[in-house]
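Peer 1: Turn this into a structure:
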Amino acid sequence: MGIWIFVGVLAAIVVAGIAIYNRLVALRERYRNAFAQIDVQLKRRYDLVPNLVEAAKGYLAHERSTLEAVIAARGAALAAAQKAAAAPGDAAAMQGLAEAEGALGGALGRLLALFEAYPDLKANQNVLQVQEELTSTENKVAFARQAYNDAVMAYNTRRESFPDSIVAGLFGFTEARLLEATESAEERKAPRVSFG
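Peer 2: Numbers count the residues shown, from 1 in each chain. Just a heads-up that it's a prediction; the model follows:
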């Protein structure tokens, strides 16, 4: 009789362990999927940046350093996004992406601020269209970032809770990193865009 109790308890522990493992896997896949949604929006954003620069080139010929800074920041952000896509949740990859995105946001903010000095540029239909698409994409990135951070928080909370922490430790479920903004207070300000 004692052996059956032991077998029953052991079976219950194994079933509970399997359930915990599967729940951790599901949560990990949820935050990876959430990051994939960020990646889609970032790629859209990176594709729009050269269009904006190209549309502004003729008007901003003497502002070459600003245009080059935007293109360089876009390249760095694209590389960081590729690293982060290869390892969503990895602390170094998320930090690198956040920093590169901050630099790109700052460069774009400076470019959009220059538009204020050029009425013809502000009225250019190509520029207006790209600006509108960029604004829409920025909103989508913010929404996707929030969904990703929520999924990471749910995963990390479950991973650190008992008894899930035991299973997480046994099977190598590592902490996932939130995607946080790292830009300065000045860069965090939304660029002021006036169409009038």
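Peer 1: only C-alpha atoms for contact and neighbour calcs from this point on.
Peer 2: Will do.
Peer 1: Just the buried residues of stretch 55-68, please?
Peer 2: For stretch 55-68, a neighbour-count test (16 or more other Cα atoms under 10 Å) marks 55, 56, 60, 66, 67 as buried.
Peer 1: Can you give me the end-to-end span of it?
Peer 2: With Cα to Cα, to the nearest Å as the measure, stretch 55-68 spans 14 Å from end to end.
Peer 1: Need the contact partners of that stretch.
Peer 2: 53, 107, 110, 111, 118, 121, 126, 127 (Cα atoms under 8 Å, 6 or more residues apart in numbering).
Peer 1: Which among the residues you listed count as buried?
Peer 2: Buried subset of the contacts of stretch 55-68 (neighbour count, 16+ other Cα under 10 Å): 53, 107, 110, 111, 121, 126, 127.
Peer 1: Let me have the residues you listed in JSON lines, adding distance to residue 136 as columns.
Peer 2: Below are the buried ones among the contacts of stretch 55-68 laid out as JSON lines (distance: Cα to Cα, whole Å):
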{"residue": "53", "distance to residue 136": "18"}
{"residue": "107", "distance to residue 136": "18"}
{"residue": "110", "distance to residue 136": "19"}
{"residue": "111", "distance to residue 136": "18"}
{"residue": "121", "distance to residue 136": "20"}
{"residue": "126", "distance to residue 136": "15"}
{"residue": "127", "distance to residue 136": "14"}
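Peer 1: Now flag whichever of the residues you listed is closest to residue 163.
Peer 2: residue 107 (46.5 Å; Cα to Cα).
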